[in-house]
Every structure is written in structure tokens, then in C-alpha cells.
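Chemist: When you get a sec, could you give me coordinates for this:
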Amino acid sequence: MNRRVRQKRERSQEKDKTNISSETLECGCLTSATISGVDWTTLPDDTVIQLFSYLNYRDRASLASTCRTFRLLGSSPCLWGSLDLRSHKFDTAAAVSLSPRCKNLQRLKFHAAGSADAIVSLQARALREISGDFCREITDAALSVIAARHEMLESVHLGPDACERISCDAIKALAYCCPRLQRLWLSGVKEVNGDAINALAKHCRQLKDVGFVESDNIDEVALGNLNSVKFLSVAGTRNLKWGSAAQVWSRLPCLVCLDVSRTDVNLSAVTGFLSSSQNLKVLSALNCPVFEGEVDSNLMHNHKGKILLTFLSDMLKGVASLFADNSKNVTDVFQYWRRLKNRDKNVDEIVVWIECVFSHSLLRIAENNLKEFDDFWLTQGAALLLSLLRSSQEEVQERAATAVATFVVIDDENATVDCKRAQAILWGDGIRLLLNLARSHQEGIQSEAAKAIANLSIDSKVAKAVAESGGINILASLAKSMNRLVAEEAAGGLWNLSVGDDHKGAISKAGGIKALVDLIFKWPSSTEGLLERATGALANLGADDKCSLEVAVAGGIHALVMLARTCKFDGVQEQAARALANLAAHGDSNGNNAAIGQEEGALEALVQLTYSQNEGVRQEAAGALWNLSFDDKNREAIAAAGGVEALVSLAQSSSSASRGLQERAAGALWGLSVSETNSIAIGRQGGIAPLIALARSDIEDVHETAAGALWNLAFYRENALHIVHNGGVKPLIHLCSSSISKMARFMAALALVYIFDGRVDMSVPAGPSSSGSSKNLNMDGVGKMALKHVEEFLTSFYDPQTFHTAAASLVPTALAQIAEALRIQEAGHLRCSGAEIDRFLRMLRDPSSILKSCSAFYILQFTLPGGRHAMYHSSLLQNAGAPRVLRAAAAASTAPIQAKIYAKIVLRNLERHHELLS
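Modeler: Okay, here's the model as predicted:
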């Protein structure tokens with residue numbers, strides 16, 4: 001500790017200021033309480049530098065700009081020995097701005113796409129290690145220039161994506177320019193010829209770790225010239241001549257470890273390596289089908305002191321044989337090794353290499369997602385990944401987390417996970433390990449750990465464990481990250497955890513809702529992944545009444561409408577529309593429905609989304625319009641925005657669509673048809689024919705919503721004629737008599753009553769016949785048949801004994817019992833207009849016993865206490881003079897007993913509502 005640090009610390013103690021504990025720094029996070037109690041100007045220099053070390057380079061630059069002292073400390077060489085730029089835009093301009101701090105830069109990780117050329121501009125001549133991913137765009141020229149400008153390079157790692165544009169010329173440039181090269185690992189180089197390998201052998205005399213993986217062609221004979229190599233991997237490489245390889249590589253004097261995983265190596269070659277290679281200690285042959293088909297149990301247990309690692313053996317037990325006898329009973333040999341106090345340097349190198357090749361191969365096998373590996377994952381694979389999550393190598397931890405995120409998913413499109421695999425991670429303490437990694441100050445590890453937590457949380461048991469372990473607070477915090485990839489995976493975790501009702505409140509409490517809304521404003525034109533995850537999570541949260549209010553308060557309505565209007569990604573459009581639908585679904589409990597309608601361009605955007613080429617987008621947009629149409633102003637505004645034409649078109653094209661789209665298309669038309677103007681417009685736009693087609697559906701939700709729309713439409717004479725003309729009577733009769741949905745039967749019956757209550761002419765054109773001539777339909781006969789089925793529907797609620805007992809006694813409790821027996825719960829959510837109430841009252845005066853009973857039955861349903869609009873309906877009935885009409889119906893000697901009882905129940909309902917109002 002230098003003198004200045006001591007003085008600052010003493011001065012801080014004298015002023016009794018809050019200090020930051022070592023525990024706080026070790027966990028990599030500061031609480032708001034801690035931050036508010038710190039006098040930042042008095043922190044010791046080493047504490048400030050330690051704080052800087054937890055920041056990415058952009059945040060370091062921001063913090064350094066706050067004062068002269070921080071600018072000096074933020075430029076400390078110890079902070080700029082290593083940079084991870086994979087999650088940031090790294091171009092030449094960024095490199096130039098960083099170059100003054102990179103004089104002592106030794107380790108660099110970068111996202112190769114678009115960044116390789118910028119490395120030279122860093123002017124980091126002391127660079128020792130480079131590691132790049134997404135390497136498909138790296139060219140020979142780029143890699144050659146990097147090599148020429150960084151002759152001190154000791155390690156080059158490019159992958160796991162294929163280096164498709166790198167050839168042997170770039171490998172030779174590395175050999176000529178970087179004589180200190182000790183490690184070279186390249187993925188997917190199509191060909192590695194003898195000239196390139198011999199150049200490495202000649203110029204890079206310290207080269208000890210080589211990986212040419214997933215290549216198409218390697219000169220296996222030339223590899224025998226790499227006399228300095230201790231660790232060699234050709235995992236996933238094709239077209240190797242294994243006879244020559246076994247003969248030549250076995251003579252490599254320093255070869256200690258060899259990885260031939262995921263190749264077509266055969267038994268003969270493996271036997272040759274194990275028997276002839278003098279110094280070979282470990283041979284890794286994971287997922288080698290040819291070898292596994294030829295091997296017998298004798299070879300598996302007799303390796304002449306060498307370790308053979310395959311899926312057919314206990315791999316952890318194999319690694320344990322590197323150590324003394326006291327390691328044989330440990331369950332996690334890697335953890336045992338990490339805890340050893342007196343470690344052998346040579347064994348350390350071997351175990352570090354094994355961790356690397358295991359993490360690479362397990363990730364590749366997880367990505368292939370083959371069913372044949374189910375047993376492996378449950379017996380060994382999950383345990384290996386859990387052990388690798390504990391590795392001291394950050395690259396291994398990151399790959400292991402990625403593998404966990406990948407191997408549990410068995411159907412990415414439908415977000416399906418293998419519950420046994422997910423729970424194997426849960427039971428192995430994997431949630432705690434992943435949450436610890438999510439707290440890391442390394443953003444690459446944060447991102448992959450959050451992705452693993454997100455995917456695992458699809459399983460309800462894992463989701464519960466994540467929540468109970470504090471995972472929601474961690475994910476909510478990561479969602480605020482300035483690193484887009486970290487924020488994206490955290491949003492995905494919140495999306496999965498917000499499914500169902502169990503964790504919505506916790507996400508809200510953790511500040512997750514505001515974080516998700518802020519993501520949309522922070523990256524409004526970002527890639528599809530982040531926006532889809534954020535909007536998907538908000539859609540789930542919006543289904544909860546309290547959370548929906550918080551979404552609105554946080555600016556979520558404006559954010560979601562902005563995406564619906566401007567975003568071009570189908571997945572984002574779908575989730576934004578779904579979120580708006582859920583926010584609008586709370587009716588009178590909050591003002592979100594009206595607020596969405598008032599948001600500029602919201603309704604127009606949703607109408608336009610119904611024309612999308614993506615079915616999911618069309619479905620969710622229709623669902624949003626359906627919910628929004630419950631607001632009177634929105635209903636008319638949707639129509640003004642072209643909603644009637646759009647939704648009729650959607651219904652017309654939905655014959656082969658999903659049930660969800662069919663239901664929502666019919667539902668949106670149902671919602672709009674509440675208005676007389678809209679109802680007539682739907683009929684004239686051709687909306688009745690597709691609704692009749694949907695009413696024929698065997699799917700309950702579809703034909704129920706279609707029946708609701710036809711009920712509203714049939715109220716108007718013009719539409720009633722269209723329904724008859726388009727053959728709608730028969731489907732309505734079928735629903736009235738046969739649907740398993742009480743609501744479908746209820747609404748189909750009422751639609752038939754509207755058509756045949758005497759307001760439609762007895763004879764109408766029924767449409768052209770097959771010969772092209774017009775035919776007339778006997779409306780009298782059809783009407784009688786329809787009303788007969790309506791009567792049968794009403795009779796299904798009729799119990800003669802109960803009704804006659806109630807009629808004789810007139811005891812209020814008896815009427816109450818009948819009312820509850822008659823109640824159709826969902827009917828309490830329906831709302832009638834004043835015109836409909838007047839029509840019901842006219843039916844009560846009609847001499848038809850069916851119309852009397854039907855009218856009384858429907859008024860009863862709409863006035864039952866507890867119904868959403870019961871008070872409103874009661875008020876309309878009182879204003880229309882209904883009590884007088886109801887009393888007359890109840891007393892009429894010619895009225896059927898059902899009509900009398902229903903009328904008496906309605907009178908009782910009106911009295912109760914009047915008492916409540918007074």
C-alpha cells in the first residue's frame with residue numbers, strides 16, 4: 001500500500017464515511033444503500049482501481065471522464081491488460097479511441113465479424129493472446145496483418161464458428177511473423193496442408209498446443225513434424241487417414257494429450273496410439289461412432305497406464321486416475337483437483353486441456369441435439385457440465401453455460417425442454433452455479449449464464465428454484481445492463497419466468513417491468529432477439545391486472561405501439577400485438593384499453609398488422625383489436641381505421657388457419673358488431689359468409705365466437721337476410737342443439753330468435769341454385785324448425801317439479817335456487833343495447849310461447865346479480881317500463897310456466913338492483 005492510499009484511508013476513517021468492504025468487491029456488485037453511503041472522493045486508489053476492473057471498457061471510459069483523479073486511475077496499466085470486446089461494436093474508430101490505453105494490452109477477445117481489421121488500430125504491440133468468435137468473415141489478409149503487427153503473439157484461438165475464408169497462407173503468415181506462438185486453435189479451416197504445418201514446425205519452436213478442428217482436410221503426415229507439440233486436437237475433422245496418423249503421431253516426442261473426438265477414428269488407430277505413443281497420457285475419443293462400434297470391454301480397461309476417455313467409460317473416473325489413490329472416491333474430480341494445495345505442474349496442464357476439450361465437444365454434441373445421447377446426458381453429460389461450470393477458466397465456464405442452455409432444449413421453435421435434463425441440472429446444484437456466474441463481472445459469462453437460466457426456467461420446477469434462489473432479482477438487474485447481449489438473455493429469462501402467475505409479482509417487485517420497457521427505448525432498432533424477448537415478457541406480465549398498470553406507468557404502452565408501428569421483425573410484431581391485447585383485456589379495472597386507443601397510430605398499426613404475411617402476427621393483432629373493441633370510442637376508431645374491411649378479409653382467408661387465428665378473427669368482428677353502423681358494414685363487406693363457415697367449425701372456441709358475432713349481426717334485418725341467404729340457419733341450428741359450449745348454444749339460439757321473431761319477410765331469395773336460377777326458401781317452415789330447436793335449448797334448463805313447486809309456493813329461496821341453476825356464468829359478461837332490451841320486451845308481449853319464454857330467459861341471464869353489466873341492464877329495463885310488462889307476463893294465464901318463473905326472477909333481480917342503487 002503506497003503512502004497516498006494510507007493517507008486517504010485514514011482520512012476516510014476520520015470523516016466516518018462508509019467504506020466498501022472486500023466482500024462487496026468480491027461479489028462484483030454494489031447495492032444502492034452502499035452506493036449512497038460512499039464518499040467517492042475519499043476512496044483509496046486501489047479500491048477505485050478494483051471498481052474499474054468490474055466495468056467494461058465503455059463504462060471505464062465514462063467513469064474516468066468524471067474527474068481528474070478517476071481519469072488518471074482509469075488509465076492504470078493493470079486495467080488494460082485484458083479486453084473483452086465481443087459484446088460491443090468494435091470498429092476502427094473505437095480502436096483508435098482505445099489505443100492510448102492499450103500499450104500494455106496482452107489479451108484480447110473480439111467478435112470477429114467486422115472487428116478483425118480494427119485490431120491493428122489498437123496499436124497493442126505487446127499483445128500476447130487473441131481469441132475471436134463468429135470468424136466466418138475473417139480473411140487471410142486480415143489474419144496476416146494481425147500477425148505481422150503483433151509478433152509477440154503466443155496464443156491464437158479462432159472459433160468455434162468455421163473460419164471459412166482462412167487458408168494455409170494465413171497459417172504460414174502466423175508461423176513467419178509470430179515465432180513465440182505457443183497455442184494455435186482454428187476451427188473449420190477447409191484445408192491445412194503440409195507447407196503450412198511445416199512452416200509452424202520450422203518457425204514456432206515453442207508451439208505446444210495445436211487444434212485444427214472440424215476441418216475438411218489435414219496433412220496428417222506433416223503433423224508428425226510438430227515435435228514441440230504436447231497437446232493436439234483434430235476433433236470433428238474429416239477425411240483423415242487414420243493408419244498414417246497413428247503411425248506418425250505416435251512418434252511425436254512430446255505428445256501428452258490427443259483429442260480425436262467426433263471423428264471416424266477406428267479401433268486400430270486408437271489401439272496404435274495407446275500402444276505406440278511413448279509419452280501419451282490422455283486420449284479423448286468422445287462420440288466416435290466407428291470406434292465405439294468396434295471396441296470391446298477389454299480395451300476399455302487395459303490402456304497400459306494411459307487414459308482413454310470415451311462415452312463408453314466413466315469419464316470422471318478416467319480423469320481421476322491422473323491423481324493419487326485418494327481421488328478415486330470423489331464424485332467431481334475437477335473440483336478435487338482445484339482444491340489441491342500441492343499440485344503437479346504437468347498434471348495441471350493436462351487437466352486444463354481436458355476441461356477445454358470437454359467443453360468444446362460437449363457444446364458441439366449439445367448443438368446437434370441427437371436423441372441417441374439421452375442416456376449419456378443423464379448418466380454423465382449433465383454432471384460433466386456442472387463440473388465445468390466450476391472451472392477456473394472463464395472460457396470453459398462460458399462454453400459450459402452455453403452447453404447447458406443448448407442441451408436442455410429439444411424443440412427450439414416451440415420452446416420445449418427435456419424435463420429430465422433440466423432437473424438433472426437442478427438436482428446437481430446447477431441453478432446456484434449459474435446464478436453465481438450471472439453475477440460475474442465478465443459479460444460473456446453473464447450472457448451465457450442468463451441464457452442457460454432462461455432455457456431451464458421453461459421447466460416449472462426449475463423456474464420455482466430460480467425464483468427461490470434470488471434469480472429474478474439477478475435477471476432484473478442484468479436486464480438493465482448496457483451490454484445488449486446480456487440484457488437480451490436476461491429479458492429471455494424474465495419472459496420464461498413470467499409464464500403463469502407464480503412469478504409476475506416478484507418480477508414487478510424486482511424492477512423487472514421498468515427494465516424491460518427501458519430496453520425497448522434503449523435499443524428500439526436492435527436485433528429481433530432482444531426486442532422479442534422484452535415484448536414477450538411484457539405480454540406475459542400484461543395479463544396480470546396489477547402488472548398491466550405498472551407496464552402502462554413505465555411507458556410500456558408507448559413503447560409497444562412504437563414497435564407495432566415501426567418494427568419490421570415478425571417475432572417482435574407478434575409479441576407487441578400480444579402485449580397490447582393483454583394490456584387491453586382488463587376492462588373496467590384499469591384505463592389501459594382507452595389509453596391504447598388514444599396512443600397515436602396504435603389502432604392503425606394493429607389494423608395493418610392483420611395483413612401481415614406471418615400468421616402469428618395476424619392472430620395477435622386480431623386479438624388486440626378484439627379486446628380494444630370493448631371500449632366504445634376504440635370500436636368506432638378501429639372501424640374508421642379500416643378495421644371492418646381488414647377483419648372481414650382476415651376471416652375470409654382463415655379457413656385453413658390455426659384455431660387461434662380463427663377465434664380471434666371472429667372475436668374481433670363480434671366486438672365491432674356491437675355498433676349498428678359496424679354491424680351493417682360487416683354484412684355489406686361480406687363478413688357474414690366467413691362467420692357462417694367458422695360457425696361450422698368443430699372447435700368450441702371458434703364456433704362460440706362466430707356464434708357471438710352472428711348473434712349481434714342478426715339483430716339487424718339486412719344482416720338477418722344475409723345469414724339466411726348464405727345458408728347460416730342450418731349451422732346455427734346445429735350449434736343451438738349440439739354444441740358442448742353453453743355459450744355457443746345460448747348465442748346461436750338468440751341469433752335464430754332475432755331472425756325468426758317476425759321481423760324478416762316470410763319468403764326471401766335464398767341464393768342462386770346450381771342451375772343459376774333463383775330459388776325461394778319456405779321461411780315459415782324453416783322458422784318453425786329453428787324455433788323448435790330454440791325451445792329444446794330452453795327446455796334443457798327446465799325441471800318440471802322444481803318449477804311447479806316454485807310456482808305454487810312463491811318462496812324467494814325457491815326462485816333463488818332456480819336462478820342459480822339457470823345461470824350461464826359467461827353470459828354475465830355480455831352487454832345488451834337499449835334497442836335489444838326493447839326487442840326482448842316486445843317478445844314478452846308476443847303471443848308465441850317460445851318467444852315469451854326465450855325473452856324472459858335471456859333477460860334473466862342479463863340481470864342475474866354478479867353479472868358484469870347486470871346493473872346497467874336493470875337500469876335500461878326500468879327506463880323501458882319493463883316491470884309492468886314482466887308482471888303481466890308472470891300473471892298471464894296463457895303463458896308457459898317457464899316464462900312465468902323467469903319473469904318473476906327478473907322482477908326480483910330488478911328489485912335487488914334498485915335497492916342497491918338507492
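
Chemist: Is Asn342 in a helix, a strand, or coil?
Modeler: Following DSSP: H, G, I helix; E, B strand; the rest coil, the label given to Asn342 is coil.

Chemist: count of residues packed around it?
Modeler: 4 (other Cβ atoms under 10 Å). Using the backbone N, CA and C atoms, a C-beta is placed for each residue, glycine as well.

Chemist: same check, this time on Glu532
Modeler: 24.

Chemist: Please apply the same query to the one 10 residues further on.
Modeler: For Gly542, the number of neighbouring residues by other Cβ under 10 Å comes to 31.

Chemist: how far away is the nearest residue to it once chain neighbours are set aside from Ala490?
Modeler: Once flanking residues are discounted, Gly542 sits nearest to Asn582: 3.7 Å by Cβ to Cβ, 6 or more residues apart in numbering. To Ala490, Asn582 is 21 Å away according to Cβ to Cβ, to the nearest Å.

Chemist: neighbour-wise, which of the two wins?
Modeler: Set Asn582 next to Ala490 and count neighbours by other Cβ under 10 Å: Ala490 wins out with 35 against 24.

Chemist: Which secondary structure element is home to that one?
Modeler: helix 484-497 (DSSP states H and E).

Chemist: same for the very next helix or strand once past that helix, what does it pack against?
Modeler: Downstream of helix 484-497, the next assigned helix or strand under DSSP H and E is helix 504-509. Packing partners of helix 504-509 (3 or more Cβ pairs under 8 Å, 6 or more residues apart in numbering; DSSP states H and E): helix 471-478, helix 528-542, helix 545-553.

Chemist: Just the buried residues of helix 504-509, please?
Modeler: Judged by neighbour count (16 or more other Cβ atoms under 10 Å), helix 504-509 contains these buried residues: 504, 506-508.

Chemist: angle of the helix or strand following it against helix 528-542?
Modeler: Following helix 504-509 in sequence order, the next helix or strand is helix 512-522 (DSSP H and E). Counting by axes from the mean of the first three to the mean of the last three Cα atoms, to 10 degrees, helix 512-522 lies at 140 degrees to helix 528-542.

Chemist: which parts of helix 512-522 are buried?
Modeler: Quick answer for helix 512-522 (16+ other Cβ under 10 Å): 512-520.

Chemist: Let me know the closest of those to Leu851.
Modeler: Ile513 (52.0 Å; Cβ to Cβ).

Chemist: before we move on, back to that, among the helices and strands packed on helix 504-509, which is the most enclosed?
Modeler: helix 528-542 (a mean of 26; mean count of other Cβ atoms under 10 Å).

Chemist: C-alpha coordinates for stretch 139-154, CSV please?
Modeler: Output in CSV follows, covering the C-alpha atoms of stretch 139-154 (Å, rounded to 0.1, in the frame of the first residue of the first chain):
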residue,chain,number,x,y,z
THR,A,139,-9.9,-13.3,-44.3
ASP,A,140,-6.3,-14.4,-45.0
ALA,A,141,-5.4,-10.8,-45.4
ALA,A,142,-6.9,-9.7,-42.0
LEU,A,143,-5.2,-12.5,-40.1
SER,A,144,-1.9,-11.9,-41.9
VAL,A,145,-1.9,-8.2,-41.0
ILE,A,146,-2.7,-9.1,-37.4
ALA,A,147,0.2,-11.5,-37.3
ALA,A,148,2.6,-9.0,-38.9
ARG,A,149,1.7,-6.2,-36.4
HIS,A,150,1.8,-8.5,-33.3
GLU,A,151,4.9,-10.5,-33.4
MET,A,152,4.7,-11.1,-29.7
LEU,A,153,1.6,-13.3,-30.1
GLU,A,154,1.7,-16.5,-28.1
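
Chemist: In contact with Leu530, which residues are there?
Modeler: By Cβ atoms under 8 Å, 6 or more residues apart in numbering, Leu530 lies in contact with 484, 487-488, 491, 519, 523.

Chemist: quick one: which of these is most hemmed in?
Modeler: Ala491 leads the contacts of Leu530 on contacts (other Cβ under 10 Å) with 30 neighbours.

Chemist: Next one: the nearest residue to it once chain neighbours are set aside from Ala581, what distance?
Modeler: Leaving aside its sequence neighbours, Ala491 sits nearest to Arg533 (Cβ to Cβ, 6+ apart; 3.9 Å). Look at Arg533 and Ala581: by Cβ to Cβ, they are 18 Å apart.

Chemist: the strands in the stretch 551-700 of the chain, which residues?
Modeler: Using DSSP state E, counting those that start in this stretch, the stretch 551-700 of the chain contains no strands.

Chemist: Helices of that one, start to end?
Modeler: Taking DSSP state H, counting those that start in this stretch as the criterion, the stretch 551-700 of the chain contains helices spanning 556-566, 570-583, 592-598, 602-609, 615-628, 632-640, 643-652, 659-672, 676-684, 688-695, 700-714.

Chemist: and if you look at the stretch 801-918 of the chain?
Modeler: Counting by DSSP H, counting those that start in this stretch, the helices of the stretch 801-918 of the chain are 812-822, 834-845, 849-863, 870-879, 882-891, 897-917.

Chemist: could you dump those helices to TSV with mean pLDDT and mean neighbour count?
Modeler: What follows is the helices of the stretch 801-918 of the chain, written out as TSV (pLDDT from 0 to 100; neighbours: other Cβ atoms under 10 Å):
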stretch	mean pLDDT	mean neighbour count
helix 812-822	83	15
helix 834-845	93	18
helix 849-863	93	25
helix 870-879	93	19
helix 882-891	92	18
helix 897-917	88	20
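
Chemist: Of all those helices, which one is nearest His150?
Modeler: helix 870-879 (77.7 Å).

Chemist: Next, the angle from the closest one to helix 882-891.
Modeler: 90 degrees.

Chemist: Show me what helix 870-879 is packed against.
Modeler: helix 834-845, helix 849-863, helix 897-917.

Chemist: Spit out the contact partners of His558.
Modeler: Glu599.

Chemist: From Ile520, how far out is it?
Modeler: 9 Å.

Chemist: okay but Asn473 is in contact with Ile507, surely?
Modeler: No: taking contacts as Cβ atoms under 8 Å, Asn473 lies outside contact range of Ile507: 9.5 Å.

Chemist: Quick check: which element contains Gly236?
Modeler: Assigned by DSSP H and E, Gly236 falls outside every helix and strand.

Chemist: how many neighbours does the nearest residue to Gly74 once chain neighbours are set aside have?
Modeler: Nearest residue to Gly74, sequence neighbours excluded (Cβ to Cβ, 6+ apart): Ala64, at 3.1 Å. By the measure other Cβ under 10 Å, the count of residues near Ala64 is 20.

Chemist: buried stuff in stretch 348-365?
Modeler: Residues of stretch 348-365 classed as buried: 349-365 (neighbour count, 16+ other Cβ under 10 Å).
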